[in-house]
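Asks: Dropping the sequence and predicted coords here.
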Amino acid sequence: MELELILLAFIGLVTGVINTLAGGGSLLTLPMLIFLGLPPSVANGTNRIAILIQSIVTNAGFRSKGINTYPFSIYFGISATLGAILGAQLAIEIDGALFNKILAIIMVIVVAYLVLNRKAKLEDVIERVSGKHLWTSIILFFFVGIYGGFIQAGVGFLMLLVLSGVNRFSLVKSNALKIVITGIYTVFAVIIFMVNDKINWEYGLILAFGNAVGGWFASRWSVSKGDGLVKIFLIVMVIIMAIKLWFFTD
């Protein structure tokens, strides 16, 4: 039993790094929790505890390096929360395998955008945070939230595509925003799972410890290393997750 808990904490640390620099960590933690004997619904709820605590700690890591996400994290977080509530309701009605294949296609689009995007001109590096660009992202985050409420795994890729593509935030700032937005709507997800007794608190808190440690160091490290590191890590993870979702989904 102790070995299982140590392994769970280690998996949490690895996924904390993955979730902070790119996304898709839940595609590792959910199978691990099920392997440890949790029913899928309980594994899903237990995983949300780790995500919530990681979001809090990782946000503190970004803030300690001077990355401020306010007020856009609030705007996008509220929109994503509304979508997540709807997504949770739709989860039992939509075929998960088809949804995963759709996400795999979106991930390929993310890679294409990152690889083929030309070197930014001076006007391109200016953040677009008002008017139509702000409202476009608010609307898009509603749909991103639907996916987050539906399955969670891989939602970070969609957030990064919106934040860097529409608003032209740097990848480092996009990651910081992604963490806060995820934390906001995950609060509501945790409440739902908790009310329905779908959380294993022992596993959830141990996994959360690992996630928090990995997220804290990855957040500070990514700020120090800049967008170059995040871009490489993101491309690798997107390719791996896209292959996983397209070819290895039941």
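Replies: Received the coordinates, thanks.

Asks: how many other residues sit next to the closest residue to Met159 other than its chain neighbours?
Replies: Leaving aside its chain neighbours, Met159 sits nearest to Lys178 (4.3 Å; criterion: CB to CB, 6 or more residues apart in numbering). (Each C-beta comes from the backbone N, C-alpha and C, glycine too.) By the criterion of other CB atoms under 10 Å, Lys178 has 30 neighbours.

Asks: Next SSE downstream of the worst-scoring helix or strand of the chain on mean pLDDT?
Replies: Lowest by mean pLDDT, DSSP states H and E among the helices and strands of the chain is helix 96-116, with a mean of 65. Following helix 96-116 in sequence order, the next helix or strand is helix 131-150 (DSSP states H and E).

Asks: following that next one, which helix or strand shows up next?
Replies: Per DSSP H and E, the first helix or strand lying C-terminal to helix 131-150 is helix 155-165.

Asks: Tell me which other helices or strands whichever strand or helix holds the residue nearest to Met159 touches.
Replies: Remark: Lys178 resides in helix 171-195, with elements defined by DSSP H and E. Judged by 3 or more CB pairs under 8 Å, 6 or more residues apart in numbering; DSSP states H and E, the packing partners of helix 171-195 are helix 2-21, helix 40-64, helix 72-90, helix 131-150, helix 155-165, helix 201-225, helix 227-247.

Asks: Roughly how far does Val195 sit from Ser219?
Replies: 31 Å (CB to CB, to the nearest Å).

Asks: let me redo that: Met159
Replies: 15 Å.

Asks: go on, Ile184?
Replies: Distance, Ile184 to Ser219, using CB to CB: 17 Å.

Asks: what residues are up against the residue minimising distance to the centre of the chain?
Replies: Centroid-nearest residue in the chain, with CA atoms, centre = their mean: Gly156, separated by 3.3 Å. Neighbour list for Gly156: Asn19, Ala22, Gly23, Gly24, Lys178, Thr182 [criterion: CB atoms under 8 Å, 6 or more residues apart in numbering].

Asks: would a markdown table of those residues with pLDDT and distance to Arg48 be doable?
Replies: Output for the contacts of Gly156, formatted as a markdown table (pLDDT from 0 to 100; distance: CB to CB, whole Å):
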| residue | pLDDT | distance to Arg48 |
| --- | --- | --- |
| Asn19 | 81 | 13 |
| Ala22 | 71 | 19 |
| Gly23 | 72 | 15 |
| Gly24 | 72 | 16 |
| Lys178 | 91 | 16 |
| Thr182 | 93 | 10 |
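
Asks: Distance to Glu4 for these - can I get that in TSV?
Replies: TSV is the format used below for the contacts of Gly156 (distance: CB to CB, whole Å):
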residue	distance to Glu4
Asn19	22
Ala22	27
Gly23	26
Gly24	23
Lys178	30
Thr182	26
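
Asks: Now flag whichever of the residues you listed is closest to Thr58.
Replies: Asn19 (7.9 Å; CB to CB).

Asks: My understanding was that that closest one contacts Gly215; is that so?
Replies: Yes - assessed by CB atoms under 8 Å, Asn19 is found in contact with Gly215 at 6.6 Å.
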